[in-house]
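> after the sequence you'll find the predicted model.
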Amino acid sequence: MRLLILGGTEFVGRAFADEARSRGWEVTVFHRGRHPAPAHVTVLHGDRTAPDGPAALEAGEWDLVVDTWRGAPVHVRRAARLLKERARHYTYVSSRSVYAYPAAPGLDEDGPLEPGDPDSTDTAYAGAKRGGELAALAEFGDRALLARAGLVLGPGENVGRLPWWLNWVARGGDVLAPGPRELPIQYIDARDLAIWCLEAAAEGRSGAYNLVSPRGHATMGELLEACVEATGAGAELRWVEPELLTAAGVEPWTQLPIWIPPGELHSIMHQATVAKAVAAGLTCRPLAETVADTWAWQRELPGRQPAGTEHSPTGITPELAAELLSRGH
């Protein structure tokens, strides 16, 4: 199988490259050269936003294309138009952010969507991802797979949400744990995302699929307990009620990564329906495996922290955490 990845050097794209190589596929990555390419792949360089950026894609044939682009949709359409006669199938890694806000709990793939324009130069995330979907569909039609991922975790995570928690727990002592402990969370390991997408693409699947773990797969308590186990630091989780955190002005998701208190936003983020993907073979590895493997990768990084992106969490300060712990107890 010949696979072209538009991207392929960081986190999700690299997970696709690693998985495809493990299957013995021929892998080509097209990227700007800002990060090292995976081993044993063919490398094409280009900036798809430049006037002559996709020139390296003007020759060659592939069975499958995977596109991880998160920017302006016009660049998805430009690449897809260039490849549609020389590639059998196109997978666009999209997002559950394409659903119109507020998305109802348990929403499936037929829910109302944000407006999008396949020729737009706008980079606002939700509209850009929906526009990217429309761009893929415009050029590949029923040969396009739309992978609507939610929160993505696992080794290589360059956003730094799970790495932030692992570093916090690894320092030991009392750790502020945002409650309730039984709060459900949904996510997908980047490796499971890659496995499912590559198998679905090889089978010729098309259309949209929600891709996160099934409801009931994990809780906030299980996540943080797995961090304690993986780091072996002897940290003590001190659970604090969400009402106290909200009253103190703590920002969910940014100051306490992954955590969103019960309510509308939690329902949107952590109560997706994934029955369609599960019926098509989606399986998710245990949370403890994702956490342990992320810590093993993270320990090899300078300072044990990824370089980060524009979406990286700010994190709560030790001083505020101590104050909230004293109030909570």
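All right, it came through fine. Residues are numbered from 1 along each chain as shown.
> OK, contacts around S97?
Residues in contact with S97, defined by C-beta atoms under 8 Å, 6 or more residues apart in numbering, are E114, Y125, A126, K129. Quick note: C-beta positions are derived from backbone N, CA and C, even for glycine.
> wait, is it part of a helix?
Yes: secondary structure assignment (DSSP: H, G, I helix; E, B strand; the rest coil) places S97 inside a helix.
> look at it and report its pLDDT.
At S97, the model reports a pLDDT of 95.
> not counting sequence-adjacent ones, nearest residue to it?
A126 (4.4 Å; C-beta to C-beta, 6 or more residues apart in numbering).
> how much space between the one you found and V98?
As defined by C-beta to C-beta, to the nearest Å, A126 lies at a distance of 6 Å from V98.
> overlap in contacts of these two?
With the criterion set as C-beta under 8 Å, 6+ apart, the overlap between the contacts of A126 and V98 is E114.
> CSV for the contacts of S97, including distance to V152, secondary structure and pLDDT?
What follows is those, written out as CSV (distance: C-beta to C-beta, whole Å; DSSP: H, G, I helix; E, B strand; the rest coil; pLDDT from 0 to 100):
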residue, distance to V152, secondary structure, pLDDT
E114, 19, coil, 96
Y125, 14, helix, 95
A126, 16, helix, 95
K129, 13, helix, 98
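> max pairwise distance over these: which two?
When the contacts of S97 are compared pair by pair using C-beta to C-beta, the farthest-apart members prove to be E114 and Y125, with a separation of 9.7 Å.
> quick one: which of these two has more around it?
Between E114 and Y125, E114 has the larger neighbour count (other C-beta atoms under 10 Å), namely 19 against 15.
> what's around the closest residue in space to V98 that isn't next to it in sequence, how many residues?
The spatially closest residue to V98, leaving aside those adjacent along the chain, is R130, at 4.3 Å (C-beta to C-beta, 6+ apart). Applying the criterion other C-beta under 10 Å, we find 25 residues in the vicinity of R130.
> list the contacts of R130.
Contacts here follow C-beta under 8 Å, 6+ apart; on that basis R130 touches P73, S94, V98, L113, E114, P115, G116.
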